[in-house]
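S.K.: here is a sequence together with a model predicted from it:
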Amino acid sequence: MIRKLIEKHSKIILICIILLGFMLRSYNYTVWPRDGATFDEYAWTFLGVSLWEKGIPTSWSPHDEYTHKVQYYNPQGAHFTLVTPYLEHPPLFGLVAGGFAMLNGVRSFNDVTIAKMRPLALVLGVLAILGVYLLTSSMYGNPIGLLASFLYAIVPTVVIGSRIVQNENFFIPFFLLALYFTDRYLKRPTGTLLTAISLICGLLPLAKVPWMAAPLAVIGIFLFSKKWKEAITVGVVTVLCFSSFIIYGLVLDKTLFLNLWKLQLARYDLTFDSLFIMFRDPIVVDRALVDGWIYFGWVAITLLMIKDIKKNVAVVMGFLAYGALYIFAIPSEPLHGWYRYPFYPFLIIATAVFLVDYFNKDYFVSALFYLVTGLSMFAESWGRVLGFSYPVFRTYLVTVGLGALSGVFPSIKYSRILKLLNILVLFVILLLSVWTIIVYTEQ
């Protein structure tokens, strides 16, 4: 009955979820994260404005490889070392960020402000919610697709992180779209879908080199499905598109371009600790936020990967492809929380699948979910506003323990009541998640 109602009204529910996600992302979006939490927001916008206005890439960079530098202070007093030609990254996202800012009234670097840049982040955040829905519903059906998009709309780390104009926030919706088209293609191949997949995979690395994760994931899916020609097509288009960036860099300044490649390839400390820091240092942009949804997401994706790989291939390949690039080239760096963002859609999708497969069925794993997500959300909402409370903390622990009793005593007389109790706990966690977003500050 409930499933039929969801299917019947899925479009209305999705619109409500997108509106909720937009409202949570737009709340205090020019305040938190604070202006200057990352100057990359300015760097991407400067790059685009300079390209659209003068055709020469200029932007902020702290690296010594550049020789043509100008010291610049914006009207708010922030200091930037502007370099020309800026060749650290391909220009595509800069063109998007700068173009959007110019549509919003920017005509020079002096006009660039958070208020004029960050509306783009809100648009990308909404597109990411839609991307989560499309991929998940295509793979698992509308109800799970709606659940995953709802969770993606309210998980605090995702919401707050999606407010910044960062390349990762551009990558996520288009990565999800490429995976969605790939999943649709496997079910009903068409030339139009293959063209769309190839173009997205070819263009994404022109926004940032590590976005090679998208063609790697799609090629992996096609190889797994024995679609050899399709894998080759995506690979060839990606190589041809990326060649344009190589030519672009060599033409503008060959020596600088090659030196920057050497810098990027040796920039990070590739050790186990650089990977493990992702779990012990839970940051959003450059400030800590202990978010149990993200921590439990790693449990959920592990459970998903040990299930039927064929059923979960798009999510698993997407997660593994970005994970491989992350370990190989972009491990966690202090105060660079955005490097982790592309993991989050897959963690949230896996959590949605977990809730459907395990909720009120495997009581012990469900109890772990309640503890990890619930206690963190209590701390970040109730704890921030009202202070830590021993009675509330212990009442919650007892409630979770009661909900798990059905796992110990399957024939317990009040099992139906305990199931309802678990539903109530989940509802409270969802409310606390929204509260966490509303009260979030960096003070």
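M.R.: Thanks, I have it. Everything numeric in this text was worked out from a predicted model, so none of it was measured.

S.K.: surely Arg287 and Glu442 touch.
M.R.: Yes. Counting by C-beta atoms under 8 Å, Arg287 does reach Glu442; the two are 4.9 Å apart. For the C-beta atoms, the positions are set from N, CA and C on the backbone; glycine is no exception.

S.K.: do you know the pLDDT at the closest residue to Leu432 other than its chain neighbours?
M.R.: Spatial nearest neighbour of Leu432, chain neighbours left out: Met377 (3.7 Å); criterion: C-beta to C-beta, 6 or more residues apart in numbering. For Met377, the pLDDT comes out at 97.

S.K.: how about Val408?
M.R.: In this model, Val408 carries a pLDDT of 68.

S.K.: now Arg280
M.R.: Note on Arg280: pLDDT of 81.

S.K.: any idea how many residues pack against it?
M.R.: Residues lying near Arg280 (other C-beta atoms under 10 Å) number 8.

S.K.: ok, it to Tyr295 distance?
M.R.: Distance of Arg280 to Tyr295, computed by C-beta to C-beta, to the nearest Å: 11 Å.

S.K.: Lys116 too?
M.R.: In this view, Lys116 and Tyr295 are 35 Å apart by C-beta to C-beta.

S.K.: before we move on, the earlier item: neighbour count winner among Arg287 and Glu442?
M.R.: Between Arg287 and Glu442, counted using other C-beta under 10 Å, the more crowded position is Arg287 (18 against 15).

S.K.: any idea how far the more buried one lies from Tyr440?
M.R.: Shown here: Arg287 relative to Tyr440, a distance of 9 Å by C-beta to C-beta.

S.K.: do the same with Tyr363
M.R.: 32 Å.

S.K.: extract the CA atoms of the helix or strand Leu179 falls within and return them as PDB.
M.R.: Here Leu179 sits within helix 167-187, counting by DSSP states H and E. Taking Å, rounded to 0.1, in the frame of the first residue of the first chain, the C-alpha atoms of helix 167-187 are listed here in PDB:
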ATOM      1  CA  ASN A 167      35.300  21.700  -8.300                       C
ATOM      2  CA  GLU A 168      34.200  18.600  -6.400                       C
ATOM      3  CA  ASN A 169      30.700  20.000  -6.100                       C
ATOM      4  CA  PHE A 170      30.700  20.400  -9.900                       C
ATOM      5  CA  PHE A 171      32.000  16.900 -10.400                       C
ATOM      6  CA  ILE A 172      29.500  15.000  -8.300                       C
ATOM      7  CA  PRO A 173      26.200  15.700 -10.200                       C
ATOM      8  CA  PHE A 174      27.900  15.000 -13.600                       C
ATOM      9  CA  PHE A 175      29.600  11.900 -12.300                       C
ATOM     10  CA  LEU A 176      26.300  10.600 -11.000                       C
ATOM     11  CA  LEU A 177      24.700  11.500 -14.400                       C
ATOM     12  CA  ALA A 178      27.300   9.500 -16.300                       C
ATOM     13  CA  LEU A 179      26.700   6.500 -14.000                       C
ATOM     14  CA  TYR A 180      22.900   6.900 -14.400                       C
ATOM     15  CA  PHE A 181      23.200   7.000 -18.200                       C
ATOM     16  CA  THR A 182      25.500   3.900 -18.100                       C
ATOM     17  CA  ASP A 183      23.000   2.000 -16.000                       C
ATOM     18  CA  ARG A 184      20.200   2.900 -18.400                       C
ATOM     19  CA  TYR A 185      22.400   1.900 -21.400                       C
ATOM     20  CA  LEU A 186      23.000  -1.500 -19.900                       C
ATOM     21  CA  LYS A 187      19.300  -2.000 -19.700                       C
END
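
S.K.: so which bits of that helix are buried?
M.R.: Within helix 167-187, the residues that count as buried by 16 or more other C-beta atoms under 10 Å are 167-186.

S.K.: ok, and what's touching the helix or strand just after that helix?
M.R.: Proceeding N to C from helix 167-187, the next assigned helix or strand is helix 191-203, under DSSP H and E. Residues from elsewhere that reach helix 191-203 (C-beta atoms under 8 Å, 6 or more residues apart in numbering): 92, 174, 177-178, 181-182, 184-185, 214-215, 218, 230, 233-234, 237-238, 240-242.

S.K.: what comes up buried for stretch 100-107?
M.R.: Phe100, Ala101, Met102, Asn104, Val106.

S.K.: now stretch 388-402
M.R.: Buried-residue list, stretch 388-402, by 16+ other C-beta under 10 Å: Tyr396, Thr399, Val400, Leu402.

S.K.: so which strand or helix has the residue nearest to the second one when sequence neighbours are not counted?
M.R.: It refers to Thr399. Distances taken as C-beta to C-beta, 6+ apart put Val425 closest to Thr399, at 6.1 Å, once the chain neighbours are dropped. Element membership for Val425 (DSSP H and E) is helix 415-439.

S.K.: now do the buried residues in that helix.
M.R.: 418-419, 421-422, 425-426, 428-429, 432-437.

S.K.: cool, and stretch 44-62?
M.R.: Neighbour-count burial for stretch 44-62 [16+ other C-beta under 10 Å]: 44-51, 57-61.

S.K.: could you do stretch 288-298 as well?
M.R.: Quick answer for stretch 288-298 (16+ other C-beta under 10 Å): Leu289, Asp291, Gly292, Trp293, Ile294, Tyr295, Phe296, Gly297, Trp298.

S.K.: let's see which of the residues you listed end up in strands.
M.R.: Among those, DSSP state E puts none in strands.

S.K.: from these, which is closest to Ile348?
M.R.: Nearest to Ile348, judged by C-beta to C-beta, of these is Gly297 at 6.3 Å.

S.K.: for Trp298, see how far away the closest residue to Thr38 other than its chain neighbours is.
M.R.: Spatially, and ignoring its direct neighbours in sequence, Thr38 is nearest to Val285 (5.8 Å; C-beta to C-beta, 6+ apart). Distance, Val285 to Trp298, by C-beta to C-beta: 20 Å.

S.K.: would you map the helices across the stretch 301-443 of the chain?
M.R.: For the stretch 301-443 of the chain, applying DSSP state H, counting those that start in this stretch gives helices covering 313-329, 344-358, 363-369, 375-380, 382-386, 390-403, 405-408, 415-439.

S.K.: got it, and the stretch 151-300 of the chain?
M.R.: For the stretch 151-300 of the chain, helices defined by DSSP H, counting those that start in this stretch occupy the ranges 156-161, 167-187, 191-203, 213-224, 228-265, 272-280, 292-305.

S.K.: hmm, back to that, for the buried residues of stretch 388-402, could you give me TSV that also reports pLDDT and distance to Leu122?
M.R.: As requested, the buried residues of stretch 388-402 are exported to TSV (pLDDT from 0 to 100; distance: C-beta to C-beta, whole Å):
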residue	pLDDT	distance to Leu122
Tyr396	94	34
Thr399	91	36
Val400	92	35
Leu402	87	41
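
S.K.: SS state for Ser71?
M.R.: Just to correct that, residue 71 is Gln rather than Ser. Following DSSP: H, G, I helix; E, B strand; the rest coil, Gln71 is assigned to strand.
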